[in-house]
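Visitor: would you be able to build a 3D model of this:
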Amino acid sequence: MKPTATGRRFFYGYIIVLASFIVLVLGWGIYYSYGVFFGPLMDEFQWTRAVTSGAFSIAVFVSGLLGIFAGRLSDRLGPRIVVTFSAGLLSLGYMLMFLVQNTWQFYLLYGVLIAAGVGGFWSPPVSTVARWFVGRRGLMTGIVSGGISFGTIVFPPVVTQIIAIYGWRLSYLIIGIATLVVVVTAAQFIRKSPEQMGLSPQGKARTSSPNVSPLPGFSLKEAFYTRQFWMVSLIYFGFGLALLTIIVHMVPYATGIGISDINAATVLSVLGGLSLVGRIGMGSITDRLRAKVSTIICLGLLTGSLIWLQFSDNLWKLYAFAVVFGFGYGGLSCLQSLIAADLFGLAILGVVTAIFSFSYCAGGAVGPVVAGYLFDIGGSYRWAFVLCLVMVVIALFIGLSLKSPKKVRRRGPSAS
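Guide: Now for the predicted structure:
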């Protein structure tokens, strides 16, 4: 008899969760520590904030675009191959940063090579976990996506200390080697689906879960023709613009109002810590509620925190902002694959999750460089933070009007 998720044998899906968690800790935790390299890079090359932000903005856009292909390849070839190859690219990019001497080299490495690597570190792991779990899909997705938050807690202060000791160049070399060893090892334990190992998804018998779409699965073309597809994409565009602006510019903003480098970095750590709570908490809640309700809750928290940020001019106010914003950001991040599964089914989950992620990355590409430009011309982050608030409010109104999609019947050959 084949072992199942409900039997007494240990369920391999928990190995998938652990391995995917490790992949996201290293892959995204370090990537989102870009803000702590901001000052050292500007000091050495005498770049403006817009120029320094530009490489990260390009990287965010490219990673989202290539993430679509990574999601598609993961649906076809499996996540292990995709994540292993991506880890090789990411590690090589970090190690080559040791040799950067001018702007075009920096943009090439960060905006192309590093971006191509990190692009394979989201959709393949989170969509794979969704295939392994049914009844506890939200919780497990929250735990896995919490790897990003855990990495955001750990790496900003750690990398700050490494830079202080070894300088930013050697720090990138150390990061590259660590990423290669740890992520490639973890990726070898990831399997595409339980059926591949003669297993059944955990909780398969529980058909009442609100995150299991009662409709037949959509094809990519069918999903593309629904307005819900584009509504969710717009939500994540606004979210990405706000979040990546905060991630990149929070440390420069904090130091600019007189907060020390290490305390500024701990603001990002607090944000990361609460995002971990948000991912697991909202993932668990979404096992009981519709993904739409969870989305509205998270967007409401982001809106309130960004209003508070407009008046945050000291450390305790920034910590308070980080607590609320972090929880909302973590929750909305883990909902990406859950809302894709809820609306469109599992057959195209990898690529739909990747497209939503690309929308997030497109917004994230715009936000940091626009914020840097607004600072360069005005000497303040005020209007950059107002822009973040406006985009999140728009996303909130879109979320309030979101409904389940219906397949659109079209003449001609059926979608494939």
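
Visitor: buried residues in stretch 338-354?
Guide: Neighbour counts over stretch 338-354 (16 or more other C-beta atoms under 10 Å) mark 338-346, 348-354 as buried. Any C-beta I mention is one placed from the backbone N, CA and C, and that applies to glycine too.

Visitor: swap in stretch 394-409?
Guide: Buried, per 16+ other C-beta under 10 Å, within stretch 394-409: 395, 396, 398, 399, 402, 405.

Visitor: out of these, which are inside helices?
Guide: Of those, the ones assigned to helices by DSSP state H are 395, 396, 398, 399.

Visitor: quick check: the farthest pair among those?
Guide: Spatial extent of those (C-beta to C-beta) is set by the pair 396 and 398 at 7.3 Å.

Visitor: which residues of the stretch 301-416 of the chain score low on pLDDT?
Guide: Within the stretch 301-416 of the chain, the set of residues satisfying pLDDT under 70 comprises 407-416.

Visitor: what's the longest helix in the chain?
Guide: helix 137-187.

Visitor: just give the closest residue to residue 345, not the sequence neighbours.
Guide: residue 217 (2.9 Å; C-beta to C-beta, 6 or more residues apart in numbering).

Visitor: got a list of what the one you found touches?
Guide: 344, 345, 346, 347, 348 (C-beta atoms under 8 Å, 6 or more residues apart in numbering).

Visitor: can you tell me the SS state at it?
Guide: coil (DSSP: H, G, I helix; E, B strand; the rest coil).

Visitor: what about it, distance to residue 24?
Guide: To residue 24, residue 217 is 26 Å away according to C-beta to C-beta, to the nearest Å.

Visitor: equivalent analysis for residue 87, please.
Guide: Counting by C-beta to C-beta, the gap from residue 87 to residue 24 is 12 Å.

Visitor: compare the two (neighbour count), which wins?
Guide: residue 87 (26 against 23; other C-beta atoms under 10 Å).

Visitor: residue 27 versus the more buried one, what's the distance?
Guide: Counting by C-beta to C-beta - residue 87 and residue 27 are separated by 8 Å.

Visitor: name the residues contacting each of those two.
Guide: Here residue 87 and residue 27 have 117, 179, 183 as joint contacts, going by C-beta under 8 Å, 6+ apart.

Visitor: can I get the residues you listed in a markdown table with pLDDT?
Guide: A markdown table is the format used below for the shared contacts of residue 87 and residue 27 (pLDDT from 0 to 100):
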| residue | pLDDT |
| --- | --- |
| 117 | 93 |
| 179 | 93 |
| 183 | 94 |
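
Visitor: most neighbours, which of those residues?
Guide: residue 117 leads the shared contacts of residue 87 and residue 27 on contacts (other C-beta under 10 Å) with 27 neighbours.

Visitor: chain center to the helix or strand encompassing that residue: distance?
Guide: Assigned by DSSP states H and E, residue 117 belongs to helix 115-118. Centroid displacement of helix 115-118 relative to its chain, using C-alpha atoms, centre = their mean, to the nearest Å, is 13 Å.

Visitor: what's the first helix or strand after that helix?
Guide: helix 123-132.

Visitor: helix or strand for the residue most central in space within the chain, just tell me which one.
Guide: The centroid of the chain falls nearest to residue 333 when counting by C-alpha atoms, centre = their mean (6.0 Å). Taking DSSP H and E as the definition, one finds residue 333 inside helix 315-344.

Visitor: could you name the helices and strands sitting against that helix?
Guide: helix 123-132, helix 137-187, helix 227-256, helix 261-286, helix 291-309, helix 349-378 (3 or more C-beta pairs under 8 Å, 6 or more residues apart in numbering; DSSP states H and E).

Visitor: ok, which of those comes nearest residue 94?
Guide: helix 137-187 (3.3 Å).

Visitor: what helices or strands is that closest one leaning on?
Guide: Using 3+ C-beta pairs under 8 Å, 6+ apart: helix 137-187 touches helix 13-31, helix 34-45, helix 79-96, helix 123-132, helix 261-286, helix 315-344.

Visitor: pick the most buried one from the ones you listed.
Guide: Stretch with highest mean neighbour count among those: helix 123-132 (a mean of 28; mean count of other C-beta atoms under 10 Å).

Visitor: average pLDDT for that helix?
Guide: Helix 123-132 shows a mean pLDDT of 86.

Visitor: so how far is that helix off the chain centroid?
Guide: Relative to its chain's centre, helix 123-132 lies at 14 Å (C-alpha atoms, centre = their mean).

Visitor: what does it rub up against?
Guide: So helix 123-132 is contacted by 13, 16-17, 20, 23-24, 67, 70-71, 74-75, 79, 82-83, 137, 140-141, 144-145, 190-194, 201-202, 336-338, 341, 346, 349-351, 353-354, 357 (C-beta under 8 Å, 6+ apart).

Visitor: what's the angle from that helix to helix 13-31?
Guide: Per axes from the mean of the first three to the mean of the last three C-alpha atoms, to 10 degrees, the angle that helix 123-132 makes with helix 13-31 is 160 degrees.

Visitor: between helix 123-132 and helix 137-187, how many degrees?
Guide: Using the same axes, to 10 degrees: helix 123-132 against helix 137-187 is 130 degrees.

Visitor: next, the angle helix 79-96 makes with helix 123-132.
Guide: 150 degrees.

Visitor: out of everything not next to it in sequence, what's closest to residue 175?
Guide: residue 94 (5.0 Å).

Visitor: right, and the residue nearest to the centre of the chain touches residue 276 too?
Guide: No: Residue 333 is beyond contact range of residue 276, at 10.4 Å (criterion: C-beta atoms under 8 Å).

Visitor: show the contacting residues for residue 358.
Guide: Residue 358 touches 64, 65, 67, 68, counting by C-beta under 8 Å, 6+ apart.

Visitor: quick check: closest non-adjacent residue to it.
Guide: Here the residue nearest residue 358, using C-beta to C-beta, 6+ apart, is residue 64, at 3.7 Å.

Visitor: number of residues surrounding that neighbour?
Guide: Residues near residue 64, counting by other C-beta under 10 Å: 27.

Visitor: against residue 121, how distant is it?
Guide: Taking C-beta to C-beta, one finds residue 64 at 12 Å from residue 121.

Visitor: do the same with residue 358
Guide: For residue 358, the distance to residue 121 - C-beta to C-beta - is 14 Å.
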